[in-house]
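Visitor: Predicted structure and sequence below. I'll ask about it afterward.
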Amino acid sequence: MDPLVIEESIKTPSVSFDPSSGVLVIKGKSIPENSLEFYRPVFEWLDNYSHTPASSTEIQVRLDYFNTSSSKCMLDIFRKLEAVHSGGTGKVKVCWYYESEDEDMMEAGEDYKALVKIPFELISI
């Protein structure tokens, strides 16, 4: 399986998913015109990855800002990873990074943590 690499733009985050290490990184701003269209390759990659995941998967989310439609896509990503975790094919951990003074991003992380059944770490930077 090939890595997934999407370059960052003014409105979209960088995506760097490495199937061999199990390290998945989403970083930047997520305010695309069409979130479903932007995240479609991410969803497809995760669907394929779920068949033969690494023994340990860590998704690192380092978003500065995201819009409402991106928030739904993030939940969909976490749900796909939740299926990997609960399916017993690999351990999954979410690392949610936020600026120490950014209460909105901290609270968004707390909301996701409450919604999904996978280890979820909030990391202040």
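Guide: Looks like it came in fine.
Visitor: give the contact list for Ile6.
Guide: Neighbour list for Ile6: 12-16, 41-42 [criterion: C-beta atoms under 8 Å, 6 or more residues apart in numbering]. Bear in mind the C-beta positions are built from the backbone N, C-alpha and C, glycine included.
Visitor: can you give me the helices in this protein?
Guide: 35-49, 68-86, 103-115 (DSSP state H).
Visitor: which parts of the last one are buried?
Guide: Of the residues in helix 103-115, those buried under the neighbour-count criterion (16 or more other C-beta atoms under 10 Å) are 105-106, 108-109, 112-113.
Visitor: ditto for the first one
Guide: Of the residues in helix 35-49, those buried under the neighbour-count criterion (16+ other C-beta under 10 Å) are 35, 38-39, 42, 45-46, 49.
Visitor: rewinding a little: relative to Ser56, which of the contacts of Ile6 is nearest.
Guide: Ser16 (16.8 Å; C-beta to C-beta).
Visitor: ok, and the closest non-adjacent residue to the closest one?
Guide: Sequence neighbours aside, Val25 is the residue nearest to Ser16 in space, at 4.6 Å (criterion: C-beta to C-beta, 6 or more residues apart in numbering).
Visitor: Run through the residues that contact Arg62.
Guide: So Arg62 contacts 25-28, 97 (C-beta under 8 Å, 6+ apart).
Visitor: how about those, which pair is most distant?
Guide: Gly28 and Tyr97 (11.7 Å).
Visitor: pLDDT at the residue of the chain most remote from its centre, what is it?
Guide: In the chain, the greatest distance from the average C-alpha position (C-alpha atoms, centre = their mean) is reached by Glu101, at 21.5 Å. Per-residue confidence (pLDDT) for Glu101: 95.
Visitor: any chance you could read off phi and psi for it?
Guide: phi -90, psi 0 (degrees, to the nearest 10).
Visitor: 52 is where my numbering starts, stick with that
Guide: Shifting the count to begin at 52 puts that one at Glu152.
Visitor: do you know how far Asp115 is from Ala105?
Guide: Distance, Asp115 to Ala105, by C-beta to C-beta, to the nearest Å: 27 Å.
Visitor: How about Ser72?
Guide: 7 Å.
Visitor: Also Leu132?
Guide: For Leu132, the distance to Ala105 - C-beta to C-beta - is 12 Å.
Visitor: Alright, I will stop here.
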